[in-house]
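Engineer: Here you go, sequence then predicted model.
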Amino acid sequence: MKTETVVVTGASAGLGRAIAREFGRHGANVALIARGVDGLKAAQREIEELGGRALILPLDVADSKAVETAAATVEDQLGPIDVWVNDAMVSVFSPVKEMLPEEYKRVTDVTYLGFVYGTLAALKRMLPRDRGTIVQVGSALAYRSIPLQSAYCAAKHAISGFTDSLRCELIHDKSRVHVTMVQMPALNTTQFGWVKSRLKHKAQPVPPIFQPEVGARAVYWAAHHKRRELYVGMSTVEAIVGNKIAPGMLDHYLGRTGYASQQTSQPESPDRANNLWEPLAGDHGAHGAFDQRASGKSWELRVSLNRVWLAAGFTLGAASAILAGLRRSGRKQDRRSVQRILRNAA
C-alpha cells in the first residue's frame with residue numbers, strides 16, 4: 001500500500017499536534033501547517049521518530065493564497081493529498097459586551113474561513129482524482145453555544161453549516177470525495193493558556209476533560225471510515241442531544257453555571273501574552289495544564305467506533321437466546337426463522 005499524504009492545520013500544538021503525531025505513528029507523510037515555527041519543528045521531529053515523514057509549512061490559514069500555495073507544495077514534495085484535516089483555531093474568552101469588532105473578524109478569519117480555504121485547496125486536488133477525505137475538527141459547541149466564547153462558538157456553527165452544504169453538493173455530483181466532521185469534547189490542550197482572555201481567573205475546559213490523544217484517535221478513524229459525523233465523549237453527545245430537546249432550559253442552566261465552570265480559582269494576568277494576532281514563541285506541545293484531571297480514554301467513543309460489531313453481537317446473542325427457547329418449546333417454523341436471522345447477522 002502506498003504511504004498516504006496528510007495535511008494537518010494547527011499542527012504546532014494542542015489537538016493538531018496530537019493529530020499529526022497519530023498519523024505519523026501510522027507511517028504517513030504529514031504536512032504540518034501553523035504559524036509557530038518552534039512547534040512545527042518539534043512536531044516534525046516527533047513524526048520522523050515515529051517513522052513518518054514531515055514537511056513544515058509556516059503560514060496563517062487566514063491567508064487563502066498561502067493555503068493554496070502550501071497545498072501545491074505538499075503535492076510537489078510529498079505526493080497527492082489523501083487526507084486534509086482542518087483544525088487551526090484562535091479564540092477570545094470574553095463577554096460579548098466587551099468584545100471588539102476586529103476580534104470577531106480575526107477569530108472568524110482563522111477558525112471559520114481557515115477551514116473554508118483549506119477545504120477549497122483540498123477539493124481542487126481531490127475532485128479531479130475523485131478520491132480523498134476532508135476532516136473538519138468540530139466541537140460540541142458547534143451545536144450548543146456557551147457563554148464567554150461567542151466568537152469561537154459562532155465559527156464552529158459556521159463550519160457545520162458550510163460542511164453540510166458541501167456534503168450535499170458532493171452527493172449531487174456523485175463524487176467519491178468524502179467530508180466528515182468530528183465533534184470534540186473538552187480537551188486538555190494548550191489553548192487555555194494562550195487564548196486571549198478577559199476573564200478574572202484562568203480559563204479551563206468544562207469538565208469532563210479528555211486528553212488530546214482521544215480526539216486524535218477519533219480524527220484518524222474518521223479519516224479512514226465513511227462516517228458522516230463522529231461525536232467524541234459522552235459529554236458531547238449530551239450537549240448536542242440536550243440542545244435538540246431543551247435549548248431554552250440549557251440557556252438558563254449555562255447562564256447560571258457557564259461562567260464558573262470555565263474558570264479555575266487562580267487569577268488571570270491581564271497582561272498575559274496571547275496568540276490571537278501573532279504566534280507565541282517556543283514549543284508548547286499537545287497537552288495543556290490539566291493532565292491530572294484529564295482522561296486518556298472515552299468509553300462512548302469506543303462504543304461508537306465499534307457500533308456495527310456491537311449491534312451484530314447483540315443481535316446474535318438475542319437470537320441465540322430466542323432459538324434456545326424455541327428448541328425447548330419444539331416450534332420448528334419459528335426456529336427456522338431465527339436461524340435465518342443468525343446466518344444474516346454472521
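Structural biologist: Cool, the structure landed.

Engineer: where does this structure have low pLDDT?
Structural biologist: Scanning the chain for pLDDT under 70 picks out 1, 307-346.

Engineer: ok, which stretches of it are helices?
Structural biologist: Per DSSP state H, the chain carries helices over the ranges 14-25, 37-49, 64-77, 101-107, 113-129, 150-172, 191-194, 212-223, 234-245, 247-261, 299-305, 307-329, 332-345.

Engineer: Between these, which one is closest to Gln204.
Structural biologist: Nearest to Gln204 among the helices of the chain is helix 191-194; the distance by C-beta to C-beta comes to 6.0 Å. C-beta coordinates here come from the backbone N, C-alpha and C atoms, glycine included.

Engineer: Now do the contacts for Lys2.
Structural biologist: By C-beta atoms under 8 Å, 6 or more residues apart in numbering, the contact set of Lys2 is Gly79.

Engineer: Deepest in the core, which of the helices of the chain is it.
Structural biologist: helix 14-25 (a mean of 28; mean count of other C-beta atoms under 10 Å).

Engineer: That one packs against which elements?
Structural biologist: When contacts are defined as 3 or more C-beta pairs under 8 Å, 6 or more residues apart in numbering; DSSP states H and E, helix 14-25 packs onto strand 5-9, strand 29-34, helix 37-49, strand 83-86, strand 133-139, helix 212-223.

Engineer: Turn those into a markdown table, columns for distance to Ser304.
Structural biologist: Compiled in a markdown table, these are given as follows (distance: least, C-beta to C-beta, whole Å):
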| stretch | distance to Ser304 |
| --- | --- |
| strand 5-9 | 22 |
| strand 29-34 | 25 |
| helix 37-49 | 27 |
| strand 83-86 | 19 |
| strand 133-139 | 15 |
| helix 212-223 | 9 |
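
Engineer: mind checking which of those is nearest Lys297?
Structural biologist: helix 212-223 (6.8 Å).

Engineer: Can you lay out the helices of the chain as TSV showing distance to Gln292?
Structural biologist: Below are those laid out as TSV (distance: least, C-beta to C-beta, whole Å):
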stretch	distance to Gln292
helix 14-25	18
helix 37-49	23
helix 64-77	37
helix 101-107	30
helix 113-129	32
helix 150-172	25
helix 191-194	14
helix 212-223	15
helix 234-245	18
helix 247-261	18
helix 299-305	20
helix 307-329	31
helix 332-345	44
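
Engineer: quick one, which of the ones you listed is nearest to Ala281?
Structural biologist: helix 37-49 (6.2 Å).
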